[in-house]
Structures are given as structure tokens and as C-alpha cells.
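# Sequence first, then the predicted structure, then my questions.
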Amino acid sequence: MSRVIVAGSGIAGLTAALRLSGRHTVTLVTKDRLGESNTEWAQGGIAGVIGPDDTVDAHVADTLTAGAGHCDPEAVHTLCEAGSDAIVSLAEAGVDFDTDPAGVWARGMEGAHSYPRIFHSGGDATGQTISTALAQKLRTEVAAGRVTLLEDTMLVDILTSDDDRRPGRATEVATATGITVLRDGSVETRAADAIVLATGGAGQLFAHTTNPAAATGDGLAAAIRAGAEVADLEFFQFHPTALVGPGFLISEAVRGAGALLLDERGRRFMADVDDRAELASRDVVALALHRRQAEQDGRPCFLDARAVPDVKAKFPSITAGLASQGLDLSRDLIPVTPAAHYFMGGVATDRDGRTSIEGLFAVGEVACTGVHGANRLASNSLLEGAVFADRAAAAIDALPVNRDHELPLLQFRSFHQTALTRTELQALTWAHLGVERTAAGLRTLLDRLGDGARNAGSTTNGARNAGSTTNGARNADDHPTAPAAARIEALETANLALIAGHMARHALAREHSLGAHTRTDTTLTSSTTAPSTATSPTALLQEATAC
């Protein structure tokens with residue numbers, strides 16, 4: 001049996017841990033409580049081909065079209081072909097999918113799909129239902145002693161064979177040997193033969209996001225520091241319809257059911273932008289909303305679901321969320337704005353979740369499998385997490401047993417330093433890495449990150465200062481008695497700053513607009529290849545200051 005650590009407890013992490021349980025010594029690490037993830041917040045459903053009137057080829061074609069020609073076709077085919085089995089497996093795990101009056105699983109329609117192939121559970125609570133079912137199964141495995149669960153445990157870094165500096169220990173290819181975590185206010189190391197990153201996205205990088213507070217890119221940042229290859233970091237999807245203010249997501253399924261988008265004068269405008277109108281791909285709708293709001297001096301547009309039959313019954317979670325803000329989906333125009341939603345880029349993997357570091361796997365939103373391309377097709381994300389986590393587990397089964405790597409001495413990598421507060425960083429990224437981008441704005445962001453690094457000082461001081469990474473004099477670890485929450489926030493902000501710098505450089509390198517990446521300062525139509533290999537924080541800052 002191999003020692004496997006799974007970091008993250010969304011659909012990808014839970015699926016991987018459950019598939020590996022009983023065959024390996026499995027430890028699941030999650031920053032908050034079990035199941036707290038983007039999966040739990042997912043209102044939309046899961047896409048898959050079940051039924052005689054739809055085909056895998058059609059799902060593949062829709063995914064490739066939404067991805068703006070930037071997808072890996074073989075990865076897309078792998079995803080879509082496995083869709084029906086993945087959905088059936090979730091049902092067997094306890095997910096009750098919604099049915100139509102005939103008792104057959106109901107299929108919904110969402111933007112850029114050519115057929116109704118979206119399966120929901122609890123109306124608009126699919127993610128929560130999936131998370132609950134899988135978490136319950138995981139706790140059963142924990143109770144049986146087949147999985148060790150570490151809640152309230154934050155991933156800090158990935159240890160590799162390159163970390164061992166003793167003479168004669170160098171290796172040509174880096175191999176993952178363990179992780180460091182922040183747990184109960186202290187840093188610990190955990191040895192592993194294989195590590196599965198399933199830490200989700202980084203929506204908290206932006207001032208406006210639909211993501212939960214924990215979505216701070218911890219796994220992606222750790223992989224970058226470990227030297228893993230990353231890809232497509234310029235592609236971050238902005239969901240068109242988040243409630244103005246709280247950022248509460250209003251699912252695309254509401255538009256799939258017939259809701260319209262209106263400007264401040266009550267005029268429908270999407271039909272003039274795209275033949276698919278409100279059901280165009282997310283990049284098209286988000287950009288149209290963003291520009292219409294700019295024409296309105298920043299005032300919001302509105303979602304009109306008043307004519308949707310039984311809208312409150314169809315979308316109970318959204319109805320309750322809006323009610324808490326004094327809004328009624330069946331009677332009110334809902335003010336909406338684009339918000340950061342899903343990271344298409346991430347740690348580069350093959351179709352079995354393998355990364356450029358031996359023994360390190362990445363699945364779910366932290367990974368870049370190539371299936372989403374430049375713009376994710378609605379409801380493919382839950383499917384991706386389930387399908388590729390299962391494939392990664394099979395690949396881990398095939399690894400040599402007990403590779404017996406010696407855990408390196410406890411070390412801490414150099415963290416990206418920034419004197420920016422979290423709020424300042426989020427405002428900068430929204431302005432310069434948001435829906436529309438320019439070279440000048442991207443260089444401004446990199447310059448600000450570089451200035452912060454020069455002003456913040458060094459923080460490689462071992463276990464005492466793990467996570468001491470942000471906010472200059474306000475750094476939580478300037479005070480030995482600082483609460484663990486402050487140390488976690490400081491480390492999270494450092495991770496976000498590191499990711500922001502890499503995203504900005506990828507966005508600078510791709511000079512033409514493609515999918516969710518919109519450059520307003522160039523009309524180039526040929527692609528400039530973005531960097532695909534992670535650089536060190538030090539090198540990044542040197543490059544940034546040279547821009």
C-alpha cells in the first residue's frame with residue numbers, strides 16, 4: 001500500500017479519496033470542515049449524455065466551441081465519454097437527481113449546450129447535494145479506519161526530492177515526497193508516496209467573486225513554488241450573473257429556464273450581441289454585461305425571471321438567498337454583475353492527473369486538463385472533478401508500492417512578498433486582470449506587486465514564521481501570539497499575490513483576445529504562446545520590475 005495525501009474536499013478530492021480508500025493509506029487534508037468547497041456552492045448541475053436524443057459527439061462539439069478552439073480535443077472526448085458513468089456513480093453514492101413527472105431524471109438546458117443534458121439535484125442545490133453525499137461516505141471510511149481526516153488543516157507547501165540539500169541526494173527529476181501543513185497554529189510535515197491536489201480555485205483574488213472565502217489558490221501557489229508546470233493562467237471565467245453587492249451567484253440555469261437580461265432602461269440587449277442571446281457562452285454574456293454597465297456609468301443591468309413558470313419552486317436556494325437581501329425572484333428585477341467564478345488554468349496535467357513532478361497529481365479546478373480551453377462550458381466542472389479524480393486514482397494504483405522516499409528536513413520555500421492588503425490586491429486585480437485587460441494595466445499590477453516585494457522583507461524563518469507573508473507592518477507573524485486565523489489569512493494573501501503575478505504575465509504574453517481573456521489594447525488575431533512553466537517568485541519579481 002502507498003501513502004497518499006489528498007488535499008481538498010470538493011467533488012474531486014472526495015472522489016479521489018473514496019476511490020483510493022482501502023487500497024492505500026489515505027489521508028485527506030481540508031482547510032475548513034469536510035466538504036467546504038466550491039462544489040458545495042455550485043447551483044448549476046452536472047452535464048452528461050444520458051438519453052437517445054443526445055450524443056457524446058454533440059457534447060464534445062459544444063465543449064470545444066465554448067472553449068474557443070483552445071481545448072485539448074482528446075481530453076474533452078475523455079470527459080464527455082465518461083459523463084454518463086460519472087453521473088450514475090454519483091447516484092449510487094447517494095445523490096438523488098431531480099425527476100420529471102414520468103419519474104425519469106430531468107434534463108435542463110444551459111448556455112452554449114445544444115441539447116438539454118444538465119442533471120440537477122434539489123433544484124439549484126446540486127453541488128451541496130453531491131458534497132453532502134460524498135462527505136458522508138468519506139466519514140464512513142474514516143470511522144472504519146481506512147482514511148485519516150484532517151480538518152482545519154491548511155496546505156502550506158509541497159515537499160520534493162529537490163528540497164533535500166544533503167550531498168549525494170540530488171535527483172534529475174523532482175519527486176513529491178510530502179507536504180507541510182498549518183494545523184492548530186503549528187507547521188507539520190506529512191510524508192507521502194503520492195499527493196493529490198484538489199484544492200479548488202482562487203476566486204478570492206478578485207474584488208467580486210462567487211467563490212467562498214477559502215478559495216485562495218493554496219494548492220496552485222504551492223505547486224508553483226515546488227516548480228510544477230502551469231498552463232492557461234490568463235483564462236479566468238467571469239460568471240455573468242452575480243447579485244450586485246454580496247456576489248451571490250444566480251445560476252445560468254435561471255436563464256436556461258427563460259430569464260432575460262435587461263439594461264437599466266428595461267431593454268433586452270443580448271439578442272443584439274449574439275444569436276444565442278442570454279444562452280450564449282459565459283465569456284460572451286459576461287463581456288456584454290460588463291460593457292453595457294460601463295455605458296451606464298457603472299450602474300447594473302438586471303435579470304428578469306418574472307415570466308419563468310414556477311421559478312421559486314425550481315430554484316429554492318436562489319430564492320432563499322435573494323429573500324435574505326429583500327428580493328423576490330418572481331416579482332423583482334434582480335441587479336446583476338459579472339464576478340470571478342472559475343479558473344480554467346492551473347497546474348498542467350495529463351489525462352490521468354499527472355503533473356510535471358513525479359508523484360504529484362492535480363484534479364478539479366486546481367488542474368489544467370485542457371478540457372475547458374479558453375472558456376468553460378456550463379456544468380462541465382463538476383463532471384471534470386469526478387472523471388479525472390477517478391482516473392488519477394487509477395494511475396496512483398499503478399505506481400510502485402512503498403517508494404520509500406525519505407522526507408526532507410523541514411524547509412520553507414521563499415514566499416511572494418507583498419505590502420498590499422487583501423483589499424488592495426483584489427481591487428488591483430479586478431481593475432487590471434478582470435473582464436477587460438490592457439498591457440499597461442497588467443504592467444501596473446506587476447509593478448505594484450514588485451514594489452510590495454521590495455518593501456516587505458524576507459520571511460524564510462522556519463516553523464516560527466510559516467505563513468508570514470503579507471501586509472508589511474500588519475503581518476500577523478510580526479507578533480508571536482497572533483491568532484492562527486491571522487496567520488492563515490497572511491499566507492492566503494501571499495498565495496493570491498503569487499498567482500496574480502503569474503496570471504498577469506500569462507495575460508501579457510497572450511496579446512490577442514480569446515475566450516474569457518479580453519485584451520482591449522490590441523487587435524491581433526494570432527496567438528502569442530503564454531509561458532507554461534512556473535518560474536520562481538524571485539524570478540517573477542525580477543521580470544515584473546523589468547516590464
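Yep, that arrived. Numbers count the residues shown, from 1 in each chain.
# and the closest residue to Gly111 other than its chain neighbours, how many neighbours?
Excluding its sequence neighbours, the residue lying closest to Gly111 (Cβ to Cβ, 6 or more residues apart in numbering) is Leu279, at 4.4 Å. For the C-beta atoms, the positions are set from N, CA and C on the backbone; glycine is no exception. Counted with other Cβ atoms under 10 Å, the neighbours of Leu279 add up to 20.
# go on, Asp162?
18.
# for the nearest residue to it once chain neighbours are set aside, what are its contacts?
Distance criterion Cβ to Cβ, 6+ apart; nearest residue to Asp162, sequence neighbours excluded, is Ala174 at 4.7 Å. Taking Cβ atoms under 8 Å, 6 or more residues apart in numbering as the criterion, Ala174 is in contact with 160-162, 226-227, 356-358.
# For Asp521, see how far away Ile272 is.
Not Ile; residue 272 is Asp. Applying Cβ to Cβ, to the nearest Å, the value for Asp272 to Asp521 is 25 Å.
# do Thr27 as well
From Thr27 to Asp521 the distance is 47 Å (Cβ to Cβ).
# who's more crowded, those two?
The neighbour count for Thr27 versus Asp521, taken as other Cβ under 10 Å, is higher for Thr27 (21 against 13).
# Spatially nearest residue to the more buried one, not counting backbone neighbours?
Thr148 is the one closest to Thr27 (Cβ to Cβ, 6+ apart), at 4.4 Å.
# Give the helix, strand or coil label for that neighbour.
Classification of Thr148 using DSSP: H, G, I helix; E, B strand; the rest coil returns strand.
# re earlier: need phi/psi at the residue nearest to Asp162.
phi -60, psi 140 (degrees, to the nearest 10).
# Next one, pLDDT for it please.
Ala174 is assigned 92 on the pLDDT scale.
# domains for this protein, by residue range?
Per automatic domain parsing, the structural domains of the chain span 243-338, 422-546.
# Would you convert these into a markdown table that also reports mean pLDDT and distance to Gly67?
Formatted as a markdown table, the domains of the chain follow (pLDDT from 0 to 100; distance: least, Cβ to Cβ, whole Å):
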| stretch | mean pLDDT | distance to Gly67 |
| --- | --- | --- |
| domain 243-338 | 94 | 9 |
| domain 422-546 | 69 | 7 |
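# These: which one's closest to Pro212?
Pro212 sits nearest to domain 243-338 of all the domains of the chain, at 10.4 Å, using Cβ to Cβ.
# now the end-to-end length of the closest one.
One end of domain 243-338 to the other measures 9 Å (Cα to Cα, to the nearest Å).
# Could you tell me how far it lies from the centre of the chain?
Distance of domain 243-338 from the chain centroid (Cα atoms, centre = their mean, to the nearest Å) equals 23 Å.
# Show me the shaky parts of the stretch 51-200 of the chain.
Residues of the stretch 51-200 of the chain meeting the criterion pLDDT under 70: 163-172.
# For Leu34, which residues are in contact?
Per Cβ under 8 Å, 6+ apart, neighbours of Leu34: 9, 28, 135, 138-139, 149, 151.
# repeat that for 6 Å
9, 135, 151 (Cβ atoms under 6 Å, 6 or more residues apart in numbering).
# For those, give me JSON lines that also has secondary structure.
Listed next are the contacts of Leu34 as JSON lines, based on three-state DSSP:
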{"residue": "Ser9", "secondary structure": "coil"}
{"residue": "Ala135", "secondary structure": "helix"}
{"residue": "Glu151", "secondary structure": "coil"}
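# tell me which residues in stretch 381-396 are buried?
By 16 or more other Cβ atoms under 10 Å, the buried positions in stretch 381-396 come out as 381-393, 396.
# correction: stretch 115-122
In stretch 115-122, counting by 16+ other Cβ under 10 Å, buried: 115, 117-122.
# Among those residues, which one sits closest to Arg292?
Checking those one by one against Arg292 (Cβ to Cβ), the nearest turns out to be Ile118, at 26.5 Å.
# Quick check: that closest one vs Pro338, distance?
Ile118 sits 21 Å away from Pro338, going by Cβ to Cβ.
# now swap in Ala213 and tell me
Taken as Cβ to Cβ, the span from Ala213 to Pro338 is 20 Å.
# Which one's more surrounded, those two?
Taking neighbours as other Cβ under 10 Å, Ala213 and Pro338 compare with Pro338 leading, 25 against 12.
# Three-state assignment for that one, please.
Classified using three-state DSSP, Pro338 is strand.
# can I assume it is in contact with Arg291?
No - the pair formed by Pro338 and Arg291 falls short of the contact definition of Cβ atoms under 6 Å, at 10.2 Å.
# Which of the domains of the chain sits closest to Glu40?
Judging the domains of the chain by Cβ to Cβ, what sits closest to Glu40 is domain 243-338, at 11.2 Å.
# Would you indicate which residues of whatever helix or strand Glu141 lives in are buried?
Per DSSP states H and E: Glu141 is located in helix 126-143. By neighbour count with 16+ other Cβ under 10 Å, helix 126-143 contains the buried residues 126-135, 137-138, 141-142.
# How many neighbouring residues does Thr175 have?
Counted with other Cβ under 10 Å, Thr175 comes out at 16.
# residues in contact with it?
161, 358-359.
# Most neighbours of all those, which one?
Going by other Cβ under 10 Å, Gly359 tops those with 24 neighbours.
# Could you list which residues are in contact with the closest residue to it other than its chain neighbours?
Closest residue in space to Gly359, ignoring its immediate chain neighbours: Ala176 at 4.0 Å, by Cβ to Cβ, 6+ apart. Taking Cβ under 6 Å, 6+ apart, we find Ala176 in contact with 158, 160, 195, 357, 359-360.
# Work out for me the element Ala176 sits within.
Per DSSP H and E: strand 176-183 holds Ala176.
# got the residue ranges for the helices in the stretch 51-200 of the chain?
Under the criterion DSSP state H, counting those that start in this stretch, the stretch 51-200 of the chain contains helices at 56-66, 73-81, 83-92, 126-143.
# any idea of the angle the longest one forms with helix 83-92?
Interaxial angle, helix 126-143 versus helix 83-92 (axes from the mean of the first three to the mean of the last three Cα atoms, to 10 degrees): 60 degrees.
# Can you dump the C-alpha atoms of helix 126-143 in PDB for me?
Provided in PDB are the C-alpha atoms of helix 126-143 (Å, rounded to 0.1, in the frame of the first residue of the first chain):
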ATOM      1  CA  THR A 126     -26.700  20.100  -6.900                       C
ATOM      2  CA  GLY A 127     -23.300  20.900  -5.600                       C
ATOM      3  CA  GLN A 128     -24.400  20.900  -2.000                       C
ATOM      4  CA  THR A 129     -26.200  17.500  -2.500                       C
ATOM      5  CA  ILE A 130     -23.100  16.000  -4.100                       C
ATOM      6  CA  SER A 131     -20.900  17.300  -1.400                       C
ATOM      7  CA  THR A 132     -23.100  16.000   1.400                       C
ATOM      8  CA  ALA A 133     -23.400  12.500  -0.200                       C
ATOM      9  CA  LEU A 134     -19.700  12.100  -0.800                       C
ATOM     10  CA  ALA A 135     -18.700  13.600   2.600                       C
ATOM     11  CA  GLN A 136     -21.000  11.100   4.300                       C
ATOM     12  CA  LYS A 137     -19.300   8.300   2.500                       C
ATOM     13  CA  LEU A 138     -15.900   9.600   3.400                       C
ATOM     14  CA  ARG A 139     -16.800   9.800   7.100                       C
ATOM     15  CA  THR A 140     -17.800   6.200   6.900                       C
ATOM     16  CA  GLU A 141     -14.400   5.400   5.600                       C
ATOM     17  CA  VAL A 142     -12.800   7.500   8.400                       C
ATOM     18  CA  ALA A 143     -14.900   5.600  11.000                       C
END
